[in-house]
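Novice: The amino acid sequence is not available; the structure is as follows:
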């Protein structure tokens, strides 16, 4: 049985639960992972996993944290910039690839964020 590489403790004041400039680092981490995988010669083999990682650990969390800050009344130029960046980085061709790989929920969420951000935000507020 594989062991986890790390354990997280989530607290109300946790930096991972608050929006800030650091939240944009999620995009850098996704790129770092892709570069490491490519450096190991595994990018083609892990293509679908890297794509899923891009959305589930980068684009959607960036937008979600920004939108949650806006829902809490802490929206500002940074939160709007984060949502705009996430929307801009959603690529229709990738949504097709996600869906073809059976990752329908991820594709649907990202497509909704890109096409109808107000609806996406409303759905997030209800969760």
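Specialist: Good, I have the coordinates. This structure is a prediction, so every number in the text was calculated from the model and none was measured. Numbering: from 1, shown residues only.
Novice: which of the residues in the helix or strand where residue 64 lies are buried?
Specialist: For residue 64, the host element (DSSP states H and E) is helix 60-71. Using 16 or more other CB atoms under 10 Å as the test for burial, helix 60-71 gives 60, 61, 62, 63, 64, 65, 66, 67, 68, 69, 70. Every C-beta, even on glycine, is put in place using the N, C-alpha and C of the backbone.
Novice: One more: stretch 41-57?
Specialist: 46, 50, 51, 52, 53, 54, 55, 56.
Novice: Run through who's touching that stretch.
Specialist: Contacts of stretch 41-57 from elsewhere in the structure, counted by CB atoms under 8 Å, 6 or more residues apart in numbering, are 26, 29-30, 33-34, 37, 90, 94, 97-98, 101, 103, 106, 109-110.
Novice: and if we set it to 10 Å?
Specialist: 26-27, 29-31, 33-38, 40, 60-61, 86, 89-91, 94-95, 97-98, 100-103, 105-107, 109-110, 113 (CB atoms under 10 Å, 6 or more residues apart in numbering).
Novice: ok, now stretch 100-120?
Specialist: Residues beyond stretch 100-120 that count as contacts (CB under 10 Å, 6+ apart) turn out to be 47-49, 51-52, 54-56, 59-60, 63-64, 67, 83-84, 86-92, 94-99, 121-124.
Novice: Return the subset of these lying in helices.
Specialist: 47-49, 51-52, 54, 60, 63-64, 67, 83-84, 86-89, 92, 94-99, 121-124 (DSSP state H).
Novice: Can you lay out the buried residues of helix 60-71 as a markdown table showing distance to residue 19 and pLDDT?
Specialist: Output for these, formatted as a markdown table (distance: CB to CB, whole Å; pLDDT from 0 to 100):
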| residue | distance to residue 19 | pLDDT |
| --- | --- | --- |
| 60 | 14 | 97 |
| 61 | 10 | 95 |
| 62 | 9 | 96 |
| 63 | 10 | 97 |
| 64 | 9 | 95 |
| 65 | 4 | 94 |
| 66 | 5 | 96 |
| 67 | 9 | 96 |
| 68 | 7 | 94 |
| 69 | 4 | 94 |
| 70 | 9 | 95 |
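Novice: Show me which of the residues you listed is closest to residue 79.
Specialist: Checking the buried residues of helix 60-71 against residue 79 by CB to CB gives residue 66 as the nearest, at 4.0 Å.
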